[in-house]
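> Below are the sequence and a predicted model; questions follow.
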Amino acid sequence: MIVEEIMKTDVTALSKDDSIADAIKVMNAKKVRHLPITDNDNKLIGLVTDRDIRDATPSIFHTELFKDDLQRPLDTIMKTEIITGHPLDFAEEIAAIFYEQRIGCLPILKDNKLVGIVTETDLLHTLVQLTGAHQPGSQIEVKVPNKTGMLFEIAEVICKRKANIQSVLVYPDKKDEKFKILVLRVQTMNPTLVIEDLQNAGHEVLWPNQPGISL
């Protein structure tokens with residue numbers, strides 16, 4: 001999945017001359033936590049987050065004393081060193097950037113112009129879609145040797161039971177690098193027969209560990 005499939009394209013942006021008060025109003029009205037700052041050519045020149053706003057906003061006990069601070073332009077608080085992405089980047093690649101850089105959003109540029117934005121919420125929503133967690137079904141985890149053809153073997157067993165596979169995730173076995181864990185979401189509310197078929201075919205099912213089923 002590429003970024004242009006998950007990014008928001010209706011991006012609310014402000015200029016560097018807009019005030020902190022303007023940013024507060026926009027964030028409250030649009031219910032957003034990140035505001036790209038662009039120039040007249042829609043080129044990204046900065047970024048303001050809700051944390052920047054909180055740091056620049058006077059305490060409620062001193063609002064009157066420091067109310068002029070809210071009229072300061074955004075270029076006094078905006079960040080200018082910004083990590084950006086491209087619409088054709090892969091979603092998993094930018095997820096790694098979010099994790100490694102500890103950022104909350106990623107402005108998306110094309111031809112040096114702002115065309116979208118991706119947030120942590122967008123990535124979480126994408127993860128839900130990719131795993132099929134929002135659809136009725138059952139999750140089955142199978143430990144398999146780390147070699148070619150294992151996914152095909154598992155899918156073949158499930159196919160014979162005429163159960164539809166909604167999603168597949170693969171991750172290494174932390175205890176033994178010779179094995180991997182296949183996490184399959186299968187479109188059935190009762191996976192008992194599928195599990196029995198997998199076990200009869202010699203596969204190690206880690207989950208679900210149901211009563212009456214020897215795992």
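Ah, there it is.

> Assign the residue nearest the centre of the chain to helix, strand or coil.
By CA atoms, centre = their mean, the chain has its centre lying nearest to Leu123, at 1.6 Å. Secondary structure state of Leu123, per DSSP: H, G, I helix; E, B strand; the rest coil, is helix.

> Secondary structure element holding the nearest residue to it once chain neighbours are set aside?
Nearest non-adjacent residue to Leu123, counting by CB to CB, 6 or more residues apart in numbering: Ala95, 5.4 Å away. Bear in mind the C-beta positions are built from the backbone N, C-alpha and C, glycine included. Using DSSP states H and E, Ala95 maps to helix 91-101.

> returning to what we had before: quick check, the residue nearest to Leu123 in contact with Asp122.
No - assessed by CB atoms under 8 Å, Ala95 is found out of contact with Asp122, at 10.2 Å.

> Can you find the helix or strand of this protein with the lowest average pLDDT?
Within the chain, judged by mean pLDDT, DSSP states H and E, the helix or strand with the poorest mean is helix 120-131; its value is a mean of 88.

> tell me the angle of that helix relative to helix 91-101?
140 degrees (axes from the mean of the first three to the mean of the last three CA atoms, to 10 degrees).

> about what we covered before: quick one, what contacts the residue nearest to the centre of the chain?
By CB atoms under 8 Å, 6 or more residues apart in numbering, the contact set of Leu123 is 6, 91, 94-95, 98.
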